[in-house]
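J.: next input, structure requested:
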Amino acid sequence: MQDNDIYTLTPRGQQELRGGETTLSPAQIEVLIRIDGILSFAQIQAGMPQVSSEAFAKTLKGLLDRRLIEAAEADPFADQFKTQLNTLALTQAAAEADSGAVSLRKTGYYVSIARPRGTARTLATGEVLSAIVVDDEPTLAKFIQSYLAFEGFNVRLAGNRAEVIAEFRKAPAPDLILLDVMLPDADGFDILLRLRQHPALKNVPVIMLTGKATRESVLKGLASGADGYITKPFEPDALMRAVRTVVGLPEDTSAPRDLWADKEKR
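T.: Residues are numbered from 1 along each chain as shown. Coordinates of the predicted model:
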């Protein structure tokens, strides 16, 4: 691996980030999210100053060995642009770090990723799981509520700060929280941090939901304690895989359900 090497996601890597479930370590996820087919090895590393060179190289090699990333084809125009950028910069390291920051802030990034939490969970006979969906889009919130209900969840909805506080205070404590990043009067990341500090709710699995995400926001959510991060629009099956992953439920091997057909039978 050389400083100027550029990597891109393979189809397997795309699936790892968009399939609703992953077995990668947090370090591997952080590097994989940063791979965009534009930044070089050195630029990505410069954007992660808290990680040693040896650890970064080992993580990248692990992703290569698992065939989640591959070397990108050289782009003469991009190479020329990088050379000009480095010439104008006070130091090459600063230019590489700045390039990494700009790449992380670009909107339009889509991901559906979730990490397992502990061991698999077996529900007792008659046990009903509880979930809170925090989203200010009523149609989407009710759609998610319907899907979770068919999976056996008792679902409560909240669309603003007051409703969030009220639902979090109610019994029973939720087994799952789906949390929108942007609410009309609250910030999802702030809510997440407060949840992780709350004695009764700090261990509740949380999946972040948002539209027009950036790589930076995904990394921020995962670093702040989110168990999963899903960008809108999302496939319902991917969402439910993520839900089962973070809650610890076994994978549903049955055919996908048609909610409208099920409703007509009721």
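
J.: residue 149 touches residue 155, doesn't it?
T.: Yes. With contact defined as C-beta atoms under 8 Å, residue 149 reaches residue 155; the gap is 5.8 Å. Heads up, the C-betas are built off the backbone N, CA and C, glycines and all.

J.: higher neighbour count, the two?
T.: It is residue 155, of residue 149 and residue 155, that has more neighbours when counted by other C-beta atoms under 10 Å, with 21 against 13.

J.: any idea of the pLDDT on that one?
T.: In this model, residue 155 is scored at 96, pLDDT.

J.: doesn't it fall inside a strand?
T.: Yes. Under DSSP: H, G, I helix; E, B strand; the rest coil, residue 155 falls within a strand.

J.: distance check, it against residue 221.
T.: 22 Å (C-beta to C-beta, to the nearest Å).

J.: which ones are touching the closest residue to residue 148 other than its chain neighbours?
T.: Leaving out its chain neighbours, the residue that sits closest to residue 148 by C-beta to C-beta, 6 or more residues apart in numbering is residue 155, at 4.9 Å. Applying C-beta atoms under 8 Å, 6 or more residues apart in numbering to residue 155 gives the contacts 130, 131, 132, 133, 144, 145, 148, 149.

J.: now do 6 Å
T.: Residue 155 sits next to 131, 145, 148, 149 when contact means C-beta atoms under 6 Å, 6 or more residues apart in numbering.

J.: same deal with residue 22?
T.: Contacts of residue 22 (C-beta under 6 Å, 6+ apart): 16, 113.

J.: and it, how close does it get to residue 47?
T.: From residue 22 to residue 47 the distance is 21 Å (C-beta to C-beta).

J.: same thing with residue 173?
T.: 38 Å.

J.: what about those two, which has more around it?
T.: Neighbour totals were compared for residue 173 and residue 47, and residue 47 leads with 19 against 14 (other C-beta under 10 Å).

J.: gap between that one and residue 113?
T.: Distance from residue 47 to residue 113, by C-beta to C-beta: 19 Å.

J.: try residue 164
T.: Distance from residue 164 to residue 113, by C-beta to C-beta: 24 Å.

J.: just the ones of the contacts of residue 155 in helices?
T.: Among the contacts of residue 155, DSSP state H puts 145, 148, 149 in helices.

J.: residue boundaries of the helices in the stretch 151-266 of the chain?
T.: 161-169, 188-197, 215-223, 236-247, 259-265 (DSSP state H, counting those that start in this stretch).

J.: the ones you listed: which one's closest to residue 122?
T.: helix 236-247 (11.7 Å; C-beta to C-beta).

J.: helices or strands next to the closest one in the packing?
T.: Here helix 236-247 touches strand 112-114, going by 3 or more C-beta pairs under 6 Å, 6 or more residues apart in numbering; DSSP states H and E.

J.: near residue 120, how many other residues are there?
T.: So residue 120, with other C-beta under 10 Å, has 10 neighbours.

J.: tell me the SS of it?
T.: coil.

J.: pLDDT score for the closest residue to it other than its chain neighbours?
T.: In space, and not counting its chain neighbours, residue 120 is closest to residue 248: 5.3 Å by C-beta to C-beta, 6+ apart. Looking at residue 248, its pLDDT stands at 89.

J.: now do the same contact list for the most centrally placed residue in the chain.
T.: Centroid-nearest residue in the chain: residue 229, 2.5 Å away (criterion: C-alpha atoms, centre = their mean). Neighbouring residues of residue 229 by C-beta under 6 Å, 6+ apart: 111, 113, 208, 218, 221.

J.: what's opposite the spatially closest residue to the fourth one that is not a sequence neighbour in the beta bridge?
T.: The reference is to residue 218. Excluding its sequence neighbours, the residue lying closest to residue 218 (C-beta to C-beta, 6+ apart) is residue 229, at 5.0 Å. Judged by DSSP bridges, the bridge partners of residue 229 are residue 113, residue 208.

J.: for residue 229, give its distance to residue 179.
T.: 10 Å.

J.: any common contacting residues for these two?
T.: Common neighbours of residue 229 and residue 179 (C-beta under 6 Å, 6+ apart) are residue 208.
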